Structure formats: C-alpha cells, structure tokens
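Student: pasted the sequence and its predicted model underneath.
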Amino acid sequence: MSEPKMTMLKPAPDKCQECAKDHRPDMPHDPNSLYYQMQFQMKHSRWPTWTDAMAHCSQEMKDIWIKALAEKGIDITKDAR
C-alpha cells in the first residue's frame, strides 16, 4: 500500500508566495494560513510560530506586532522552539 500524498497548489501570483495571503512585504506572514503551515512544516519539521511569521520584518514592525498580539492575549515569548 502506498503512502498518502497531498499536493498543494502554489499561491496566486498576486499573493505572498510564503503564506498565500494578501499582505505588504514588510508585514508578517499569516501563521494561520494552511499553505504557510504546510510549507513551513515540510521545510523545518515543526509548525510555524508568530516569531517565525515575522522573522523577515524590521525590528520596528516586530515591536508593533508583538504589542498588538499581546493586547489580544497572545504572548509570543512563549513560542515553542
């Protein structure tokens, strides 16, 4: 019996090629995007965190997002590694 396989289509050309969402390049990826989760899992053998999603962002952008997430009760300092 063969192993099950899954194929994911690439994101539309006008969407982020990492997370398949519509966001500016300086913004974090969407860590809840199934596309981002699956691609990240295949590359790193673990699920992405908010820290991963904003790794490419400037420190100023990270600080803005960390504060906004904290206001919603999301503490990314607890991101599992």
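Tutor: On my side now, so go ahead. Worth saying up front: this structure is predicted, and the values here are computed from it rather than measured. Numbers count the residues shown, from 1 in each chain.
Student: show the contacting residues for the residue positioned nearest the centre of the chain.
Tutor: Geometric centre of the chain, nearest residue: Pro31, 3.2 Å, by CA atoms, centre = their mean. Residues near Pro31 by CB atoms under 8 Å, 6 or more residues apart in numbering: 19, 37, 48-50, 52-53. For every residue, glycine as well, the C-beta is placed using N, CA and C.
Student: kindly report the same for Leu9.
Tutor: So Leu9 contacts nothing (CB under 8 Å, 6+ apart).
Student: let's go with 10 Å and repeat that
Tutor: 20, 35 (CB atoms under 10 Å, 6 or more residues apart in numbering).
Student: from Pro31, how far off is it?
Tutor: 20 Å (CB to CB, to the nearest Å).
Student: how about Asp14?
Tutor: 21 Å.
Student: Lys5 too?
Tutor: For Lys5, the distance to Pro31 - CB to CB - is 25 Å.
Student: do Thr7 as well
Tutor: Thr7 is 22 Å from Pro31, by CB to CB.
Student: quick one, phi psi at Ile76?
Tutor: phi -80, psi -10 (degrees, to the nearest 10).
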